[in-house]
Structure formats: C-alpha cells, structure tokens
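>>> have a look; sequence and predicted model below, questions after that.
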Amino acid sequence: MVAAMTAPALAMVHHHGDEPVLDLDHLNAFTDGDASLERELAGLYLTSASHYLAAMTSALRQGQSWTASAHALKGASANLGARRVAALARLAERTAPDAGLLDELRALVDQVRDVFVRRTDSGPGA
C-alpha cells in the first residue's frame with residue numbers, strides 16, 4: 001500500500017502518526033467531562049466506524065468505490081477527536097479501495113476502542 005501512495009499522502013500519514021490516536025482535550029471539550037456522555041458517544045462512534053469499515057470491505061471485495069463510507073468515517077472520527085483515523089480516512093476517500101489502507105484503518109479504530117476501554121476501566125481522566 002505504501003508504494004501506491006503519493007509523496008504528499010505519505011507525508012500526511014506520517015505527520016499524523018506521531019499524534020495520539022484520540023485527542024482527549026477535544027473529547028473532553030466535546031463532552032464537558034461528562035463520563036456518561038463520553039461512553040454514549042464512544043459506543044455510537046465505534047458502532048458507526050464498524051459499519052463504515054464493513055461497507056469499505058464490501059466495496060473492496062466488489063471492486064466498487066468506497067468514497068462515501070470513507071467520507072463518513074472521516075467525519076465521525078474528526079467530530080470525536082480521532083484525528084489519525086480521520087486523516088487516513090481522508091486519504092481513503094481520495095484513493096481506490098486498497099486492502100492495506102483498510103487494514104490500517106481497522107487497526108487505528110481498534111486503538112481508539114482500546115483508549116475508550118482504558119478510560120471506562122479507570123475513569124475519564126485516564
């Protein structure tokens with residue numbers, strides 16, 4: 001997958017690669033520190049992200065465009081503060097379906113899930 005990326009696309013992915021997978025300041029500002037609201041939003045995001053990734057998987061298998069699903073994943077991720085997912089989804093919406101890119105998106109969404117699990121286990125300040 002990396003060989004297929006343009007130099008500007010690679011730079012964008014590497015730039016965001018040093019950011020945390022979830023911007024907790026953004027999330028806390030969005031939820032005003034309300035742990036219940038955070039859990040609700042986390043559940044909605046993870047359910048939506050799973051749906052978008054499934055649609056992208058289907059598009060890849062069927063040789064169809066995944067632009068709409070990548071765009072939706074980008075927006076949901078940006079709203080929540082999952083900036084690395086949003087950046088990679090932005091790249092995905094501009095490229096043909098690619099298994100490597102899809103795997104990277106899945107891995108990042110899994111990392112976001114892990115952050116929410118840790119925060120649920122230890123409280124929103126974690």
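On my side now, so go ahead.
>>> taking the centroid of the protein, which residue is nearest it?
In the chain, the residue lying closest to the centroid (C-alpha atoms, centre = their mean) is residue 85, at 2.8 Å.
>>> could I get the pLDDT score of that residue?
You'll see residue 85 listed with a pLDDT of 98.
>>> same thing with residue 121?
78.
>>> can you pull the contacts of it?
For residue 121, the contact set (C-beta atoms under 8 Å, 6 or more residues apart in numbering) is empty. To be clear about C-beta, it is placed using only N, CA and C from the backbone, and glycine gets the same treatment.
>>> sorry, back to before: so the residue nearest to the centre of the chain sits right up against residue 73, yeah?
Yes - counting by C-beta atoms under 8 Å, residue 85 touches residue 73, with 6.9 Å between them.
>>> returning to that earlier point: which helix or strand contains the residue nearest to the centre of the chain?
Using DSSP states H and E, residue 85 sits within helix 83-93.
>>> can you list residues touching both of residue 85 and residue 73?
Overlap of the contact sets of residue 85 and residue 73 (by C-beta under 8 Å, 6+ apart) consists of 49, 105.
>>> related to what we said a few turns ago, list the residues that contact the residue nearest to the centre of the chain.
Per C-beta under 8 Å, 6+ apart, neighbours of residue 85: 21, 49, 73, 74, 77, 105, 108, 109, 112.
>>> give me the contact list for the host helix or strand of the third one.
Applying DSSP H and E as the criterion places residue 73 in helix 67-80. Among residues not part of helix 67-80, those counted as contacts by C-beta under 8 Å, 6+ apart are 22, 26-27, 30, 41, 45, 48-49, 52-53, 55-56, 59, 83, 85-86, 89-90, 92-93, 105, 112.
>>> which residue ranges of this structure form helices?
Counting by DSSP state H, the chain has helices at residues 7-17, 24-31, 35-62, 67-80, 83-93, 99-122.
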